[in-house]
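[1] Need a 3D model of the following:
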Amino acid sequence: MARTRSISALFIALLFLFNPINSDAFSRQISRREIGLPKKQKLSHLRFFFHDIVSGPTPTTYEIATSPITNSSLTGFGSLSIIDDPLTIEPNISSRIVGRAQGVYASADMNRLGLLMAMNFVFLEGKFNGSTLAVLGRNDIFAAVKELPILGGSGVFRFASGYALARTHELNVSTGDAVVEYNLYVFHY
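    Numbering: from 1, shown residues only. As a prediction, this is how the structure comes out:
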């Protein structure tokens, strides 16, 4: 009996030694090396054209919700749209597609035309094929240059941060179709 108690006490002591009660079991510090991160970040510049197609037989943007005041609001406040817009190398829609912008945007300003944009840029070719960048921010429609933060990414862009500058290249006010030039500046490993 005494031997069993000694073994039990030893087991409990070892359990506390290797798994302290007051440690945070859900978090710990790790080194970059443990997950394969190099010591130095890279800075990449990406440039492409975003095609927001609202009209025609194959739109890439659909309004999916409205608020009770959307139709009477001068800014379309409360309108929510979902997108799967092509990203091309040149402003022409028939130029090479390098990715897609997938996400949502909402009219979120009651006084000025401003959108809340939440989207992923999904890259489909080259060294960025299969990688994504996440963007979340305000798009002031009538500003000459809109700046949106890059919050993260996946694949090559794991641990990414940076910003996107958007400039309207072409806007058809009767259809709502737009071509927007994006310049992204991204820190990543």
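[2] In contact with Ser161, which residues?
    Applying CB atoms under 8 Å, 6 or more residues apart in numbering to Ser161 gives the contacts Ile150, Leu151, Gly152, Val186, Phe187. (C-beta placed from N, C-alpha, C; glycine too.)
[3] State the distance from the first one to Tyr189.
    I take that to be Ile150. Per CB to CB, to the nearest Å, Ile150 is found 14 Å from Tyr189.
[4] One more: Ile53?
    34 Å.
[5] any idea how far Asp84 is from the one residue sitting closest to the centre of the chain?
    Note on the chain: the residue nearest the mean C-alpha position is Ala134, at 1.3 Å, using CA atoms, centre = their mean. The spacing between Ala134 and Asp84, counted by CB to CB, is 16 Å.
[6] do the same with Leu124
    Taken as CB to CB, the span from Leu124 to Asp84 is 12 Å.
[7] Overlap in contacts, these two.
    Arg100.
[8] Strands of this structure, residue ranges please.
    42-52, 61-65, 80-88, 97-107, 114-123, 132-140, 146-154, 161-171, 178-188 (DSSP state E).
[9] Go through those strands and name the closest to Phe26.
    strand 146-154 (20.3 Å; CB to CB).
[10] Any stretches of this protein with poor pLDDT?
    1-24 (pLDDT under 70).
[11] now do 50
    Judged against pLDDT under 50, the chain has no low-scoring part.
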